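Asker: please find the sequence and the predicted model below.
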Amino acid sequence: MSKDQDKKFMISFAGVLALLFGITIGIIALAAIMTPKHDTADESEVKKIAARTAPVGTVITDPALLVKAKAAVKREPYSGEQVYTTVCSACHSGGLLGAPKSDDKAAWAARKGAAGGVDGLTASAIKGKNSMPARGGNADLTDDEIKAAVEHLLKLSGA
């Protein structure tokens, strides 16, 4: 009897496998019929897709190429207020790390006198002072932009 049961099981198992195989082939055929063809892509669509998937930027590790790339980038000079808002205010608005607050007239008047005026304060900002890094931490700033920021900071303080 066990041989007869084994034979019935194998026949049933083979039938189930055949049915599942048939269903799989049917689904594949139906998907192939229903799926639109993509090989008729319009050239403008290809360009749009390429633009959307283009890399955002590149990384330059060669120092010579870095100098060329940096020289090629031209921008409008920042105003004193822009430099103060983006770079200086992080520390000078709240007195972080001992930086004189932008509204402290007495501290700025003393610094202005000790440094020799606006030019002295500008030189100090360019080379850095105490916890403040050179150029406020933004090496891309020009001397004129730093001077404008110093003048703006003095104007804010009233000194």
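Answerer: Here it is on my side, so go on. Just so we're clear, the structure is a prediction, and the values are computed from it rather than from any experiment. Numbers count the residues shown, from 1 in each chain.
Asker: and Gly94, what does it touch?
Answerer: Contacts for Gly94 (CB atoms under 8 Å, 6 or more residues apart in numbering) come out as Lys101. Yep, even glycine has a C-beta here, placed from its N, CA and C like the rest.
Asker: any idea what it is structurally, helix, strand or coil?
Answerer: Three-state call for Gly94 (DSSP: H, G, I helix; E, B strand; the rest coil): coil.
Asker: and it, how far from Ala29?
Answerer: 70 Å (CB to CB, to the nearest Å).
Asker: what about the chain, any weak spots by pLDDT?
Answerer: 1, 38-41, 70-73 (pLDDT under 70).
Asker: ok, which stretches of it are strands?
Answerer: For the chain, no strands are identified by DSSP state E.
Asker: longest single helix anywhere in it?
Answerer: Using DSSP state H to define each element, the chain has its longest helix at helix 2-34.
Asker: show me how far that one is from its chain's centre.
Answerer: Offset of helix 2-34 from its chain centre (CA atoms, centre = their mean, to the nearest Å): 54 Å.
Asker: using PDB, write down the CA coordinates of stretch 120-133.
Answerer: What follows is stretch 120-133, C-alpha atoms only, in PDB (Å, rounded to 0.1, in the frame of the first residue of the first chain):
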ATOM      1  CA  GLY A 120      43.700  97.700  12.800                       C
ATOM      2  CA  LEU A 121      40.500  95.800  13.500                       C
ATOM      3  CA  THR A 122      40.400  94.700   9.900                       C
ATOM      4  CA  ALA A 123      44.000  93.400  10.100                       C
ATOM      5  CA  SER A 124      43.100  91.600  13.300                       C
ATOM      6  CA  ALA A 125      40.100  90.000  11.700                       C
ATOM      7  CA  ILE A 126      42.100  88.900   8.600                       C
ATOM      8  CA  LYS A 127      44.800  87.100  10.700                       C
ATOM      9  CA  GLY A 128      42.500  86.000  13.500                       C
ATOM     10  CA  LYS A 129      42.400  86.800  17.200                       C
ATOM     11  CA  ASN A 130      42.100  84.600  20.200                       C
ATOM     12  CA  SER A 131      39.400  82.000  19.400                       C
ATOM     13  CA  MET A 132      38.400  83.700  16.100                       C
ATOM     14  CA  PRO A 133      40.000  82.000  13.100                       C
END
